[in-house]
Structure formats: structure tokens, C-alpha cells
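S.K.: Could you work out the structure for the sequence below:
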Amino acid sequence: MTRTYHTILFDVQDHVATVTLNRPESRNALSSQMCAELVHVMEAIAADPGVHVALVMGNGPAFCAGADLKERKTMNSQEMTARRVQGFAAYAAIERLPQPVVAVVHGPAFGSGCEIAGACDFVLASSEAVFCYPEVGWGTVGATQRLPRIAGPRKAKELLFTGRRFDAAEAREIGLVNHVYAPDALRPEALAMAAAMARAQPLTMRLTKRSIDQGLATTREGAMAIELLAIEENLRGTDWQGAIAGFGKEPQA
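M.R.: Numbers count the residues shown, from 1 in each chain. Purely as a prediction, here's the structure:
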């Protein structure tokens, strides 16, 4: 993981990887280069057994102000399609990460910023965060798949059709955000939560995530089979007996 990135910052400490969108002069607008770098860093994280949890943050005043519209001004239809595919690949790379990945949204998350956050397993937000899906207003189609699965089709249609801005409190109400914190508490709370998750058995965490994601895509019976296979793999791959034997014991000083 020694590659130099130009649009993101990447760091791993105590089994927690932090990926920071780093185009503050452009409010972290999602460019072609950022798409490619997000795909690369997510693949690197997925392949690293030393990473148990990942955080996605933004540098500067915004989490991500959306797609880089300046980059698109000279594109023809074919180039625009290719650029949209790059964005889809970036979101999918985040979504496919076997480790838990948490978005930490401190400021505006518009368009692609909402898609990045929605591709994460869950979202922690500052009370100052603002969300918006402006795609229809830009004359394009987007965000039609993750948002309905998070907020339901009727709420998704309202937010997509109107493109209105909504705050972190409403984002929590509709399920886009899990917790809202005061601005100065967001990062400490996110780091504490990541540290707690990083202490869990990494295989157990990966199998739990996989069971949820795959189970939602099949029948109830198929989902139970997925969980049973995960249980069996977990029994083979972890010290579950030691964990149970230590349950309730006071930690050593």
C-alpha cells in the first residue's frame, strides 16, 4: 500500500483504514482520477488482512459536493457514459469491501457525495451536514438504486424529483444516517466506534457483513442457508471457544 494518491489521503492505524477525499479546493468533487483512486484504495484495503474497519471522510468544508461538473463540460455523450461508469465502479468498490466501512460526513454531501455515503455500511454525520440529490435538476439520471433501498421508494422519489436540500436530522429519520453528533464530537465518536469494531474478530465481522448483504438479495430460506454457511466458516476460522470461555471475566490490568 505504498502508492501515492493525488485526490485522496490514505492511512492505516490500529487496524483502522481512513480514506479521506482530498480535493478541498473543489469541495472534494468526484473527478475521474478520484474514481480510479477510490477503486484502487478499496481493492488494497480488501486485500489487507490487517485492516479490520475502514472510514471514509472528507477534507475541507465539504464531504463531497458531487461530481466534478467542470470536468464534464467538454465531454460528448460517449465520454459522459464512460465517466458515469467510472463513478459506478467507485461506489461499487466501496460497497464490495469485505470489511465494515463507515462514512463520516461533516459537511455538504451532494449527488456523488450521497452515493459514496450510501455505498458505505452506515453513516455518521455532523449536525452541520447537509444532503442533496440534484441529479434531475442537472438533467441527468442518478442515485435511483441505493436511495430507494435506504429510504423507501416514495421518499426517494420526493428527494430525487425535487432535489431539495435536507439536514442531518432528516437524513437520520429516513435511514440515510445512523447517528448525528455535534461538529466537534463527530470525529472522536467515529474513531471510538471504529476502534471498538476493529477489536472484534475480523473474520466474524466480514462474515456478518456478507450474510446481511447476500441475504437481502435472496429469499428468507436462501438467507438462512447463507447464515448457516457463515456460522460454519466462523467456527472453523476463529477462536470462538476462547471467546465464550472469557465472557464475563474482568480484563486484566
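S.K.: Disregarding residues adjacent in the polypeptide, which is nearest to Arg164?
M.R.: Nearest residue to Arg164 in three dimensions, chain neighbours excluded: Cys132, at 7.1 Å (CB to CB, 6 or more residues apart in numbering). C-beta: built from backbone N, CA, C; applies to glycine.
S.K.: Now do the helices in the protein.
M.R.: Along the chain, the segments classed as helices by DSSP state H run 32-46, 69-72, 77-95, 112-119, 146-151, 153-162, 168-173, 183-198, 202-215, 220-237, 240-245.
S.K.: quick one: Glu189 from Val101, how far?
M.R.: 16 Å (CB to CB, to the nearest Å).
S.K.: Skipping its backbone neighbours, what lies nearest the residue most central in space within the chain in space?
M.R.: Centroid-nearest residue in the chain: Cys120, 2.0 Å away (criterion: CA atoms, centre = their mean). Leaving out its chain neighbours, the residue that sits closest to Cys120 by CB to CB, 6+ apart is Ala103, at 4.0 Å.
S.K.: so how far is stretch 48-66 off the chain centroid?
M.R.: Remark: stretch 48-66 is offset 8 Å from the chain centroid, using CA atoms, centre = their mean, to the nearest Å.
S.K.: how long is it end to end?
M.R.: Separation of the first and last residues of stretch 48-66 by CA to CA, to the nearest Å is 29 Å.
S.K.: how about that stretch: buried residues?
M.R.: 51-58, 60, 62-66 (16 or more other CB atoms under 10 Å).
S.K.: correct me, but the residue nearest to Arg164 touches Phe166?
M.R.: Yes. At 7.3 Å, Cys132 and Phe166 qualify as touching, with contact defined as CB atoms under 8 Å.
S.K.: picking that back up, please read off the pLDDT at the residue nearest to Cys120 from the model.
M.R.: Ala103 carries a pLDDT value of 98.
S.K.: same deal with Ala198?
M.R.: With respect to pLDDT, Ala198 has a value of 98.
S.K.: Val16 is in contact with that one, correct?
M.R.: Yes. With contact defined as CB under 8 Å, Ala198 counts as touching Val16 (5.2 Å).
S.K.: what is in contact with these two at once?
M.R.: Counting by CB atoms under 8 Å, 6 or more residues apart in numbering, the shared contacts of Ala198 and Val16 are 52-53.
S.K.: and of the helices of the chain, who's closest to Ser126?
M.R.: The minimum distance between Ser126 and the helices of the chain falls on helix 183-198, with 4.6 Å, by CB to CB.
S.K.: Now do that closest one: distance to the chain's middle.
M.R.: For helix 183-198, the distance to the chain centre is 15 Å (CA atoms, centre = their mean).
S.K.: can you redo the helices of the chain as a markdown table with mean neighbour count?
M.R.: What follows is the helices of the chain, written out as a markdown table (neighbours: other CB atoms under 10 Å):
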| stretch | mean neighbour count |
| --- | --- |
| helix 32-46 | 20 |
| helix 69-72 | 14 |
| helix 77-95 | 16 |
| helix 112-119 | 27 |
| helix 146-151 | 18 |
| helix 153-162 | 15 |
| helix 168-173 | 18 |
| helix 183-198 | 16 |
| helix 202-215 | 17 |
| helix 220-237 | 13 |
| helix 240-245 | 10 |
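S.K.: mind putting these in TSV, distance to Asp11 included?
M.R.: Supplementary listing: the helices of the chain in TSV, determined by distance: least, CB to CB, whole Å:
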stretch	distance to Asp11
helix 32-46	11
helix 69-72	27
helix 77-95	17
helix 112-119	18
helix 146-151	27
helix 153-162	33
helix 168-173	25
helix 183-198	12
helix 202-215	18
helix 220-237	28
helix 240-245	29
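S.K.: Look up how far Pro49 lies from Asp121.
M.R.: 19 Å.
S.K.: typed the wrong thing, it's Asn28
M.R.: 29 Å.
S.K.: now Thr81
M.R.: Applying CB to CB to Thr81 and Pro49 gives a distance of 37 Å.
S.K.: Ok, Ala198 next?
M.R.: 13 Å.
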